[in-house]
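1. compute the structure for the input listed below.
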Amino acid sequence: MSDSDVYVSPTRVPAGIALLLAVLGTAAMYAGFVLGVPAALDGSGSGAGGFIVLFLAGAALVLAALVISIVCLVRGLARGIAILALVVALVPVVGVVILRIAAVS
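-> Purely as a prediction, here's the structure:
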């Protein structure tokens, strides 16, 4: 192995993928919600259909990140990265729950 080769432990790859999915999913859910609400309330636009799809795609990425990070924790693969991915993936879930409670009150 030369000095320019980069070694990535195979145990860190699934946890890294979970972290990437969590970040991308959280960003997509945030963008879909923040941009979708004004589009839905604006009567002159074409609607919020695209933003709903963006929000749901982000939710699917977050769900996949949750599953992968839990599997990594159970198998003991890169626990630090898996815990970080789990925390990042839980941020939009907690946000949706808080919004739901606020809407009822």
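
2. for the longest helix along the chain, buried residues please.
-> Counting residues, the longest helix found in the chain (DSSP state H) is helix 13-41. Of the residues in helix 13-41, 14-19, 21-23, 25-26, 28-30, 32-33, 36 count as buried by neighbour count, 16 or more other CB atoms under 10 Å. All C-beta spots, glycine's among them, are computed from the backbone N, C-alpha and C.

3. with stretch 73-91 instead?
-> Neighbour counts over stretch 73-91 (16+ other CB under 10 Å) mark 73, 77-78, 81-82, 84-86, 88-91 as buried.

4. select, from the residues you listed, the two members most distant in space.
-> Leu77 and Val91 (22.0 Å; CB to CB).

5. so the closest residue to Tyr30 other than its chain neighbours, which of the three states?
-> Distance criterion CB to CB, 6 or more residues apart in numbering; nearest residue to Tyr30, sequence neighbours excluded, is Pro92 at 7.3 Å. Put simply, Pro92 is helix when judged by DSSP: H, G, I helix; E, B strand; the rest coil.

6. wait, isn't Pro92 in contact with Val62?
-> Yes. Applying CB atoms under 8 Å, one finds Pro92 in contact with Val62, separated by 5.7 Å.

7. flag the shaky bits of the chain, pLDDT-wise.
-> Low-confidence segments of the chain (pLDDT under 70): 1-4, 6.

8. one step back: which helices and strands does the longest helix of the chain pack with?
-> In this structure, helix 13-41 makes packing contacts with helix 49-75, helix 79-104, judged by 3 or more CB pairs under 8 Å, 6 or more residues apart in numbering; DSSP states H and E.

9. could I get these as JSON lines with distance to Asp42?
-> Below are the helices and strands packed on helix 13-41 laid out as JSON lines (distance: least, CB to CB, whole Å):
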{"stretch": "helix 49-75", "distance to Asp42": "12"}
{"stretch": "helix 79-104", "distance to Asp42": "20"}
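
10. which of those sits closest to Ser9?
-> That would be, of these and by CB to CB, helix 79-104, which comes in at 10.3 Å.
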